[in-house]
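Undergrad: give me coordinates for this.
(chains A and B)
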Amino acid sequence: MEERVLNSEEFKKLTLREAIEFAKSDDLGILVKRALEVIEKEDKILNAFISVNKQAPRGVPIGIKDNINVQGIETTCASKILKGYIATYDATVVKKLKENGFSVVGKTNLDEFAMGASTEYSAFGPTRNPHDTQRVAGGSSGGSAAAVASGEVVAALGSDTGGSIRQPAAFCGVVGFKPSYGLVSRYGLVAFASSLDQIGPITKTVEDSAILMNIIAGKDENDSTTVDRKIDFTQFIGKELPRMKIAVAKQSFNDGVEEGVKGKIDEFIKFLESLGHFVDMVDLDEIKYSVATYYIIAPAEVSSNLSRFDGVKYGLRVSAEGLREMYERTRGIGFGDEVKRRILIGTFTLSAAYYDAYFEKAQKVRRKISTKLNSVFEQYDFIVTPTSPIVAFKIGSVSDPLVYYMMDIFTIPANLAGLPAISIPFGKVEHLPVGIQIMGPRFSDAKVLGFADYIERHLGEKGA
Amino acid sequence: MEKANRYKPVIGLEIHVQLSTKTKAFCNCSADVFDLEPNTSICPVCTGQPGALPVPSMEMFELGVRLGLALNCKINRYSRFDRKNYFYPDLPKGYQITQFFYPLAEHGFLEVEGKKVRIRRIHLEEDAGKLMHAGDNITEADYSLVDMNRCGVPLAEIVTEPDIESPEQARIFMEKLRSILRYIGVSSGDMEKGAMRCDANISVVDTLTGKQSNKVEVKNMNSFRFVEKALEYEYERIVEHLEKGLDVERETRGWNLSTKTTVSMRSKEEAHDYRYFPEPDIPPVVLDDEFIEKIKATIGELPEQRLKRFVESYGLNTKEAWALVEDKEIGDLYEEAVKKSGEPKEVANWFLTELFRLYGEYEKEKLFVSADTFVEVINLIKDGTISRNMAKDVFQESLLTGKMPKQIVEEKGLKQIDDTALIEQIAKKVIESHPKEVETFKAGKEGLFGFFVGQVMKELKGKANPKTVNEILNKLLRN
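TA: Numbering: from 1, shown residues only, chains lettered A, B, ... in the order given. Down below sits the predicted model:
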């Protein structure tokens, strides 16, 4: 009888708000049952999950990126080096989700240690894009984005260091939100670049992201980089907005941006204007340094953060005669090429001889980029760019790391400056989704979500 | 020119002090780990589990600031942590959290033998774990085990300027420092337990040529005596090189306990690049004036101040006074006994001779000692109840058994016999039974007087008042 209350197809379309409502009388755990059924069916092709929790208790089914600890479940970070590592504790966000009736049905795929933009760097194979399974789902939170887009789960958590929530959300046609740095605890998130990392939601609607933020955000005594700010992230959801001043980055029309994406930005500007908002083109020349800055700071932190994977305490150990050989063999076999590349870069830039020339200088440029973005917010409410200069590409089609790194050009500045930024779907180029990124001043997260929700609603009406 | 005058050692110290905080530096595990079973005071943070984050303890800052103030340092209001990166199995994160760029305190000094030894900096950092090798030593071990209890225990590293002029002065510096640590309650300063560790830099200046040798770092000196011994050895070694016209290599050497020599550990070329950079997991800590003033108010009298006061108020010389001041508990006990007895010199004598002798012979913790012990023995002598010699036995017994001196005297019937009639009766008996000795004495062998005193005392089981015995024998034999 209950089986007919919610079939698989209905489950796939369920929003988080609806699922939370359903869960109130879901004594039989139908939501989790459906999620596991859909995962079983879809994931044979998508490969969105690294592990599935068949014993998941009843609750609202959620997917957790596999670089966030769930006690008693393997955390792999999509790396061979963590093989067999069972998390000894719940990440703060996971603890909060469990306390609020969520059930972790699986750990989602990612680029190894979240370093990458396609999940092609996963030790467990790439995640496929639900809109075109020949193409990547984006990354690094590609598993989370594909799982939400395909309806395997109602919502998922990702982590974003340079665009890792927003870019896969854009590629998969879902909503991805990176909160202001310090709002969500990183305790239990396996560190990639500590000063840039932030956990955030990937959902079907903006409102769902706001609902998740209300649950996972907050000062955490286990993470001293969290701030004590009481924010109701849903406060502007469903509200009409006054006339906003929006800065569209001139760089949205640069050479590296695909024509189709440029077209969507044009369309978006007209859409905003039709709703009566004020739109300006603003030259954010400084962001051209953001990729270079990011690829100094992030690898530096990586080289240190990944030192703990040494074969001594947990995960992979490749035995050898001496200690040094054990380290070398364990890390040589355990880490993939991209991770090694970044460890090497970071080890170099932090070395005493080059510290001033690279790391110190990059810190200065980082402050300059922050200052520039903040000065734009003195005149404008939001900055708009495409989330990614391109749409989802074919698996295996990009091999040059530099081409790869340039894909993050629009998403990185928000991480460098600690700003809130959201990617929302804005139509498609052919059959492939395009994401629009909206950035706001630090801690204006509720406003960014409110504006994104407003756009989402008006898009629905106009059917863009 | 004499060797010792020609070659002057230039010594600087780097001292790690374990702060006696309740919790570890960056997690809530207990920091009191010395006697624990391996890996019983650990958590995701101090064992470097993936995703765990450090949260700095404010108690560590309190103790660090107190230490900085006691060593006359300027406290930096802006305090930040940095990462020191290197691989070793006792370092679970692959980096140590320390303060490289912005130390907690700077520009202080500690006075040693009237000379100011400047403190360059004091910074906070976390300790590493401990390796246990399954075998006699690291090279022959089949495997090694890691005990992470010590991981994350807070340390203060104190770095001096190269102002120390002899190995002896280095030892005295360490003793003074330990005394201060205990006075202000920031550390036990116990070198044997590793709560205080010392590395030294030494170079030698040839005053004839003005040339200075390269600097050598000496490690593994785990007692005050070894600090002095190792530096003496190293001084001689460097001087020998200089005299032969050889270069002194810039290197790190370890003190070898069994050979009583220093052995090369690594040369400068092998030095690590620790790739220091700001710890991104911990925002900078800004200490406000109120915080610092509050700590300042809790620092009581420091050893140097107390030393001056003891010399001035109690009529002691500096050496005597330092012996009483160095250990805070002894100083406190001494002052209490002085207050209760009003006899500073007499109390000092009991401390310096009897108490310290017993401390040397027995385990300190097993002796029962209180201010009243001193007050009672002193009064028992003063009122003539027991002789000074008896008092020493009573004092020792009191410390060993915990019984108070008065009680011991009463229980054992140790009261001194001062009954003139009784003593005279005994004395007469002794004289009668030793006619030969009396004859010899009277013939002029004055030395025999002691013999008669001894015999009388023997008859009275040593309890007679020696003064009275003397008087009576004098009367009977010399008249």
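Undergrad: going by C-alpha atoms from here, please, whenever you check contacts or count neighbours.
TA: Noted.
Undergrad: all strands of the stretch 351-464 of chain A, in order?
TA: A:382-386, A:421-429, A:432-439 (DSSP state E, counting those that start in this stretch).
Undergrad: near chain B, which residues of the stretch 101-250 of chain A are found?
TA: By the criterion of Cα under 8 Å from any Cα of the partner chain, the positions of the stretch 101-250 of chain A lying close to chain B are A:186-191, A:194-195, A:221-225.
Undergrad: can you flag the buried ones in those residues?
TA: Buried subset of those (neighbour count, 16 or more other Cα atoms under 10 Å in any protein chain shown): A:186-191, A:194-195, A:222-225.
Undergrad: turn those into a markdown table, including pLDDT and distance to A:Y358.
TA: Shown next, in a markdown table, are these (pLDDT from 0 to 100; distance: Cα to Cα, whole Å):
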| residue | pLDDT | distance to A:Y358 |
| --- | --- | --- |
| A:R186 | 98 | 26 |
| A:Y187 | 98 | 29 |
| A:G188 | 98 | 30 |
| A:L189 | 98 | 27 |
| A:V190 | 98 | 25 |
| A:A191 | 97 | 22 |
| A:S194 | 98 | 18 |
| A:S195 | 98 | 17 |
| A:N222 | 97 | 31 |
| A:D223 | 98 | 28 |
| A:S224 | 97 | 27 |
| A:T225 | 97 | 24 |
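Undergrad: around chain A, pick out the residues from the stretch 1-150 of chain B.
TA: Going by Cα under 8 Å from any Cα, the residues of the stretch 1-150 of chain B near chain A are B:44, B:48, B:50-55, B:85, B:87, B:89, B:92-95.
Undergrad: distance of whatever residue of the stretch 51-200 of chain B ends up closest to chain A from A:R186?
TA: Here the residue of the stretch 51-200 of chain B nearest chain A is B:G51; by Cα to the nearest Cα that distance is 3.9 Å. Counting by Cα to Cα, to the nearest Å, the gap between B:G51 and A:R186 amounts to 7 Å.
Undergrad: what touches both of those two?
TA: Residues touching both B:G51 and A:R186 (Cα atoms under 8 Å, 6 or more residues apart in numbering or on different chains) are A:A91.
Undergrad: ranges for the strands of chain A?
TA: Read by DSSP state E, chain A holds these strands, from start to end of the chain: A:49-52, A:60-65, A:102-108, A:128-129, A:132-136, A:155-160, A:175-178, A:198-203, A:245-249, A:278-282, A:382-386, A:421-429, A:432-439.
Undergrad: same question, the stretch 201-350 of chain B
TA: Counting by DSSP E, counting those that start in this stretch, the stretch 201-350 of chain B forms strands over residues B:211-212, B:216-221, B:251-256, B:261-267, B:277-278, B:285-286, given from the N-terminal end onward.
Undergrad: centroid-nearest residue for chain A?
TA: Nearest to the mean C-alpha position of chain A, by Cα atoms, centre = their mean, lies A:I165 at 1.4 Å.
Undergrad: wait, isn't that residue in contact with A:G200?
TA: Yes: using Cα atoms under 8 Å, A:I165 makes contact with A:G200 at a distance of 7.1 Å.
Undergrad: so what's A:H431 closest to, chain neighbours aside?
TA: Nearest non-adjacent residue to A:H431, counting by Cα to Cα, 6 or more residues apart in numbering or on different chains: A:H131, 7.0 Å away.
Undergrad: name all residues that make contact with the one you found.
TA: A:172, A:431-433.
Undergrad: from those residues, which would you call buried?
TA: Buried subset of the contacts of A:H131 (neighbour count, 16+ other Cα under 10 Å): A:172, A:432-433.
Undergrad: show me the one of the strands of the stretch 201-350 of chain B that comes nearest chain A.
TA: strand B:277-278 (7.2 Å).
Undergrad: note down every partner strand of that closest one and its orientation.
TA: In its sheet, strand B:277-278 lies beside strand B:82-85 (antiparallel), with partners assigned from DSSP bridges.
Undergrad: for the very next helix or strand once past the strand it pairs with, packing partners?
TA: Once strand B:82-85 ends, the next helix or strand along the chain (criterion: DSSP states H and E) is strand B:95-98. Counting by 3 or more Cα pairs under 8 Å, 6 or more residues apart in numbering or on different chains; DSSP states H and E, the packing neighbours recorded for strand B:95-98 are strand B:82-85, strand B:115-126.
Undergrad: can you dump the C-alpha coordinates of the first one into CSV?
TA: Okay, so that is strand B:82-85. Presented in CSV, the C-alpha positions along strand B:82-85 are these (Å, rounded to 0.1, in the frame of the first residue of the first chain):
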residue,chain,number,x,y,z
ASP,B,82,52.9,28.6,11.7
ARG,B,83,53.5,25.2,10.4
LYS,B,84,56.9,23.5,10.4
ASN,B,85,56.8,20.8,7.8
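Undergrad: which residues touch the top helix by length along chain B?
TA: Longest helix in chain B, counting residues (DSSP state H): helix B:224-243. Judged by Cα under 8 Å, 6+ apart, the contacts made with helix B:224-243 from elsewhere in the structure are B:7, B:9, B:167-168, B:170-171, B:174-175, B:191, B:198, B:202-204, B:213, B:218, B:221, B:247-248, B:255, B:260-262.
Undergrad: hang on, the earlier thing: helix, strand, or coil at the residue of the stretch 51-200 of chain B closest to chain A?
TA: Under the three-state scheme (DSSP: H, G, I helix; E, B strand; the rest coil), B:G51 adopts coil.
Undergrad: that one reaches A:V70, doesn't it?
TA: No: contact criterion Cα under 8 Å: B:G51 and A:V70 do not qualify, at 10.9 Å.
Undergrad: list residues touching both of these two?
TA: Overlap between the contact sets of B:G51 and A:V70, as judged by Cα under 8 Å, 6+ apart, is given by A:A91.
Undergrad: compare neighbour counts for the two and give me the winner.
TA: A:V70 (25 against 22; other Cα atoms under 10 Å in any protein chain shown).
Undergrad: tell me the SS of B:L145?
TA: For B:L145, the secondary-structure state derived from three-state DSSP is strand.
Undergrad: just the pLDDT at it, thanks.
TA: At B:L145 the predicted local confidence, pLDDT, stands at 93.
Undergrad: for the nearest residue to A:R135 once chain neighbours are set aside, grab the count of nearby residues.
TA: The spatial neighbour of A:R135 that comes closest, neighbours along the chain excluded (Cα to Cα, 6+ apart), is A:K394 at 4.1 Å. Summarising burial for A:K394: neighbours were counted as other Cα under 10 Å, giving 16.
Undergrad: count the neighbours of whatever residue of the stretch 201-350 of chain B ends up closest to chain A for me.
TA: In the stretch 201-350 of chain B, no residue comes nearer to chain A than B:R275, which is 5.0 Å away by Cα to the nearest Cα. B:R275 has 24 neighbouring residues, counting by other Cα under 10 Å.
Undergrad: contact partners for residue 59?
TA: Went with chain A since none was named. A:23, A:26, A:29, A:31-32, A:101-103.
Undergrad: you answered for a different chain; I wanted chain B.
TA: Contacts of B:E59 by Cα under 8 Å, 6+ apart are B:T21.
Undergrad: how about the nearest residue to A:A137, chain neighbours excluded?
TA: A:A137 sits nearest to A:N129 (Cα to Cα, 6+ apart), 4.1 Å away.
Undergrad: what's the distance between that neighbour and A:A156?
TA: Using Cα to Cα, A:N129 is found at 16 Å from A:A156.
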